[in-house]
Every structure is written in C-alpha cells, then in structure tokens.
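>>> just the structure for this:
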Amino acid sequence: MSSPRRERREADPVLSDPERLYVITGDPDGGDRAALDLVTMIVAKEQPTPTVQPEQAVILRLCQAPLSVAEISAYLSLPFSVVTSLLTELLASELIESRAPIARATLPDRSLLEAVMHGLQKL
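Next comes the predicted model:
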C-alpha cells in the first residue's frame, strides 16, 4: 500500500502578482510612509466611505477594535509593506489612528496589586 500523497499548495495569487500589489499601493517608490511597526495598534475612527479602496474598507471594518499591523497583514494576506502603504493613506485621511502598544513596564507591579487586593479583602 502506498503512502498518501501530499497536495501541493498553490501560491497565493495576490502575493505572486506584483502588478496587483502595485495597483493596491499606487506609489512606485514607496513615498513617505508612516512610521509603523508590526506591533503598532490601529483603530478605525470612522466607517468606510464609498471612495476608499476595497482593501482599505476591509481594514476599517476589521479595526473597529484595535488590531496590530501584523494581525491586519495576516487577515488580509498581504505583505507588511503593502499594508503600511494602505495604512499611511488611511492615516493621512484621518480615518484611522495608530497607537503604540502598552509597554509592560508601564503597568503596575503585580505585588503592589496583590497587596491592594489583600488590603481590600481585609476591610
């Protein structure tokens, strides 16, 4: 009995088509892009309008709750550079806002929170 054959996955047509990515981004040289990294949080300020690109409309619907740029890139199956280009346009039109992620160091110390909790329990 022969072993089952593994199916070969076809390459994603969006990722393998550079012309489509160029049409989505619309800028040949990369232009001035916003300073976004993979963990920058994006949140939509408004609903999509009929004038935005389909990919941008999807971003606006996805970002009703904050999402990182990496999550947006994964949900859209688009490269990070394409997503940052789309987000830059949305930032310029003030349809979204970007926020730095909350750094762990800015959160209160766990031992302090436990001490407050124990103090409240004794009341």
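>>> got the buried residues for the host helix or strand of residue 112?
Here residue 112, judged by DSSP states H and E, is contained in helix 110-122. Going by neighbour count (16 or more other Cβ atoms under 10 Å), nothing in helix 110-122 comes out as buried. C-beta coordinates here come from the backbone N, C-alpha and C atoms, glycine included.
>>> which residues does that helix contact?
Around helix 110-122, nothing counts as a contact under Cβ atoms under 8 Å, 6 or more residues apart in numbering.
>>> distance of residue 111 relative to residue 49?
Look at residue 111 and residue 49: by Cβ to Cβ, to the nearest Å, they are 49 Å apart.
>>> correct me, but residue 99 touches residue 43?
Yes: if you go by Cβ atoms under 8 Å, residue 99 and residue 43 touch, sitting 6.9 Å apart.
>>> overlap of the contact sets of these two?
Counting by Cβ under 8 Å, 6+ apart, the residues touching both residue 99 and residue 43 are residue 66.
>>> so these two - more neighbours on which side?
Higher neighbour count among residue 99 and residue 43: residue 43, with 13 against 10, using other Cβ atoms under 10 Å.
>>> okay, helices next: where are they in the chain?
Along the chain, the segments classed as helices by DSSP state H run 18-25, 54-62, 69-76, 80-92, 110-122.
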